[in-house]
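**Student:** Just need the structure, nothing else, for what follows:
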Amino acid sequence: MSQGSLVRWGAPTGVWTEPDLHLFAQDGHRYEIIDGSLHVTPPPDERHESAVRALVATLRAAAPPGWWVCARLGVQFARTNLVPDVAVLRPGSSGAAWADPADVALVVEVESAASRRYDRLLKPMLYADAGIAHFWRVEWGPTPCLRLHELTEDGRHTPRRTVRGAEPVRLDTPYPVRVAPATWA
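**Tutor:** Residues are numbered from 1 along each chain as shown. Purely as a prediction, here's the structure:
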């Protein structure tokens, strides 16, 4: 092959699977599989990354012994591989590269312009299908706000609370933690 030629690869002949994700360079894009179909989002901006770092630091500081707080740890179930911005794992989790949803106490998505619909519509439904009890979403306006959702008996993530402002607010799930969304921007 001559220098400057494009390297070509083909999509799998069937559904996408976790090993197919290793085909992609670590280029900042988020590569996920939903029911065997590939979904790609562009790299996040600095505001998004700042919120992720602040959430991870806040959740880690409050975490009881044995709990894990991870940025971009994958969650795998059925034919789906999702990568939430933040995941909180219960004590005794397997530590696998792709977490089992039974180990996940909370997932958090920080919206961006490219992920807004995906984070508001599809991902809560998928996390609910996986049985993940708590889903948080950070939305942007003049300042960030945090929307807390909880898995209900009907199998959906139902909105439970919205937190705004710079004054710390106590939350009890997944464990006691104080959050101040306006400080994350």
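
**Student:** How much space separates the nearest residue to residue 177 once chain neighbours are set aside from residue 81?
**Tutor:** In this structure, residue 177 finds its nearest non-sequential neighbour in residue 62, 3.9 Å apart by C-beta to C-beta, 6 or more residues apart in numbering. Glycine gets a C-beta too; all of them are placed from N, C-alpha and C. Using C-beta to C-beta, to the nearest Å, we find residue 62 at a distance of 28 Å from residue 81.

**Student:** Show me which of the two is the more surrounded one.
**Tutor:** Between residue 62 and residue 81, counted using other C-beta atoms under 10 Å, residue 81 has the larger neighbour count: 22 against 17.

**Student:** pretty sure that one contacts residue 33?
**Tutor:** Yes: here residue 81 reaches residue 33: they are 4.4 Å apart, a contact under C-beta atoms under 8 Å.

**Student:** burial of residue 103, as a residue count?
**Tutor:** Neighbours of residue 103 (other C-beta under 10 Å): 20.

**Student:** for it, what are its contacts?
**Tutor:** Shown in contact with residue 103 (C-beta atoms under 8 Å, 6 or more residues apart in numbering): 89, 90, 92, 93, 94.

**Student:** Show me where the protein has its strands.
**Tutor:** 30-34, 37-41, 68-71, 74-77, 80-82, 86-89, 98-99, 104-110, 134-139, 145-151, 157-164, 169-171, 177-179 (DSSP state E).

**Student:** What average pLDDT does the fifth one get?
**Tutor:** For strand 80-82, mean pLDDT rounds to 97.

**Student:** And the residue positioned nearest the centre of the chain, how close does it get to residue 114?
**Tutor:** For the chain, residue 84 is the residue whose C-alpha lies nearest the centre (C-alpha atoms, centre = their mean; 1.4 Å). Distance, residue 84 to residue 114, by C-beta to C-beta: 16 Å.

**Student:** Residue 47 is in contact with residue 185, isn't it?
**Tutor:** Yes: Residue 47 lies in contact with residue 185 (C-beta under 8 Å); the separation is 6.3 Å.

**Student:** can you list residues touching both of these two?
**Tutor:** Joint contacts of residue 47 and residue 185 (C-beta under 8 Å, 6+ apart) are residue 140.

**Student:** Fine, thanks again, bye for now.
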